[in-house]
Every structure is written in structure tokens, then in C-alpha cells.
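Undergrad: okay, predicted coordinates and the sequence, questions at the end:
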Amino acid sequence: MKIVQEVSLISIGSFEESSDWAIIRSEIRDAIALIVHPTGTSSFTINPKKHGNGVKPIKEACMIALRDRFGWRLEAPINYATKSPGKVDATKVIDNYFFALEWETGNISSSHRAVNKMVLGLIRGVFLGAALVLPSRKLYPYLTDRIGNYEELEPYFDVWRSVQLQEGFLAIFVIEHDQLDSNVPTLTKGTDGRALV
């Protein structure tokens with residue numbers, strides 16, 4: 001799997017230049033690069049069947065890599081000052097703060113909720129930083145119908161950039177397949193993410 005774009009959506013303060021971000025960014029990049037299909041290959045090839053591939057096995061492969069190789073915590077409940085907006089896909093603790101990672105598996109409304117959850121964590125001072133992983137428009141047609149993607153979310157970036165923060169960091173990683181091949185099996189919802197790492 002490859003990253004085709006990285007965007008610093010919010011960067012207030014010095015976190016983006018910190019060694020903490022350098023380590024976290026490297027771990028996220030490495031976890032994404034470790035995702036391969038079919039099993040036993042060194043790249044990510046997707047069957048170009050329209051809406052024929054599930055997203056959850058791809059996400060699960062990244063989460064397993066983050067947990068097993070880099071010590072991230074998965075599905076962590078985050079304690080906000082008010083009602084919690086739900087668990088975060090993956091977190092890493094840095095100096096008693098969380099760095100949060102969300103991997104989008106739902107529709108565009110779900111993508112908005114994921115960004116809002118992370119921005120709320122920045123506003124409340126719970127997250128030191130956060131990142132969202134989204135498929136590119138090129139990968140989108142081969143995944144579950146109506147999956148949230150970068151190009152649909154981008155028009156709303158100014159809304160999140162206008163949030164008043166003393167300090168905060170939010171990055172977006174846009175992912176894509178390495179190759180297309182109609183001879184490889186499709187990724188079904190039942191595919192074990194462990195097989196993709």
C-alpha cells in the first residue's frame with residue numbers, strides 16, 4: 001500500500017517539527033507500507049471490480065502493524081470532559097497525551113464525524129495530535145460503495161482550519177493501491193487483516 005499525499009490540515013504550535021511527530025509519522029508510514037495483497041507479495045494489488053473490495057481488512061492490517069510492531073493501543077476509549085464521541089481506532093501515548101489515528105471505513109458522513117472527533121480532542125486538550133487515513137479517488141471505485149475519500153472531504157478543510165486552538169496538529173494520509181489486477185481475489189469483509197501484513 002502506498003501513501004500518495006500527506007496534508008497537515010491543522011498545525012498550530014511546534015508539534016509538526018518535533019521528534020515525537022517524526023517517530024509517529026514514520027510508524028504510520030511503515031504500517032501502511034506493510035499492507036500487502038495477495039498474501040506473500042511485497043506490494044498491494046487490488047482487484048478492480050467496482051465496489052468489490054472491503055475496507056475493514058485493509059484497516060485491520062494497519063492496526064495490527066501499529067499495535068504489534070510499534071506498541072499503539074487499539075480501540076481506545078477517550079475520556080472527554082463531556083459525553084465521549086466514541087473510541088479511537090488507534091492511540092499512542094506521548095508525555096501523558098494521546099496521539100489519535102482514525103482509519104476511515106464508512107461513508108463521507110463517517111469521515112466528517114472522525115475529523116470532528118479528533119478536532120474535539122484537540123480543543124479539549126486530550127490529543128496532542130491526530131491523523132486520519134483516507135483512500136484516494138483512484139482507490140475509491142474499487143472499495144465498498146460510498147466510502148469516504150479525500151476528494152469529497154477536501155472542500156471542508158477550511159471549516160476545520162478555522163477552529164481556534166492554542167496548540168494542535170491534524171494530518172491526513174491519502175492511501176492508494178500499488179497495482180490493479182483482475183486476477184487477484186477481492187478483499188471481502190471476512191478477510192483476516194493479519195493476512196495482509
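TA: All right, it came through fine.

Undergrad: counting by contacts, list what the top strand by length along the chain packs against.
TA: If you go by DSSP state E, the chain has its longest strand at strand 2-12. Packing partners of strand 2-12 (3 or more C-beta pairs under 8 Å, 6 or more residues apart in numbering; DSSP states H and E): helix 19-33, helix 108-123, helix 157-161, strand 168-176. For glycine as for every other residue, the C-beta is placed from the backbone atoms N, C-alpha and C.

Undergrad: again, only this time at 10 Å
TA: Packing contacts for strand 2-12, counted by 3 or more C-beta pairs under 10 Å, 6 or more residues apart in numbering; DSSP states H and E, involve helix 19-33, helix 108-123, strand 127-135, helix 150-153, helix 157-161, strand 168-176.

Undergrad: and the fourth one, what does it pack against?
TA: In terms of contacts (3+ C-beta pairs under 10 Å, 6+ apart), helix 150-153 is packed against strand 2-12, helix 108-123, strand 127-135, strand 168-176.

Undergrad: and residue 79, its phi and psi?
TA: Per-residue torsions, residue 79: phi -90, psi 100 (degrees, to the nearest 10).

Undergrad: and the closest residue to it other than its chain neighbours, how many residues sit next to it?
TA: Closest residue in space to residue 79, ignoring its immediate chain neighbours: residue 126 at 7.4 Å, by C-beta to C-beta, 6 or more residues apart in numbering. Using other C-beta atoms under 10 Å, the number of residues around residue 126 comes to 20.

Undergrad: where does residue 126 land on pLDDT?
TA: Residue 126 carries a pLDDT value of 89.

Undergrad: how much space is there between it and residue 166?
TA: According to C-beta to C-beta, to the nearest Å, residue 126 stands 14 Å off from residue 166.

Undergrad: what's in contact with the helix or strand of the chain with the lowest mean pLDDT?
TA: Every helix and strand of the chain was ranked by mean pLDDT, DSSP states H and E. The lowest is helix 150-153, at a mean of 88. Residues from elsewhere that reach helix 150-153, judged by C-beta atoms under 10 Å, 6 or more residues apart in numbering: 4-5, 7, 9, 104, 107-108, 111-112, 114-115, 132-140, 146, 160, 172-176.

Undergrad: same thing but 6 Å
TA: 108, 111, 134, 136, 137, 174 (C-beta atoms under 6 Å, 6 or more residues apart in numbering).

Undergrad: quick check, the first one in contact with residue 146.
TA: No: in this structure, residue 108 is not within contact of residue 146 by C-beta atoms under 6 Å, at 7.1 Å.

Undergrad: what is in contact with the two at once?
TA: Here residue 108 and residue 146 have no joint contacts, going by C-beta under 6 Å, 6+ apart.

Undergrad: tell me the contacts of residue 117?
TA: Residues near residue 117 by C-beta under 6 Å, 6+ apart: residue 85.

Undergrad: and the gap between the residue most central in space within the chain and residue 124?
TA: In the chain, the C-alpha nearest the mean C-alpha coordinate belongs to residue 133, at 2.4 Å (C-alpha atoms, centre = their mean). Going from residue 133 to residue 124 by C-beta to C-beta gives 22 Å.
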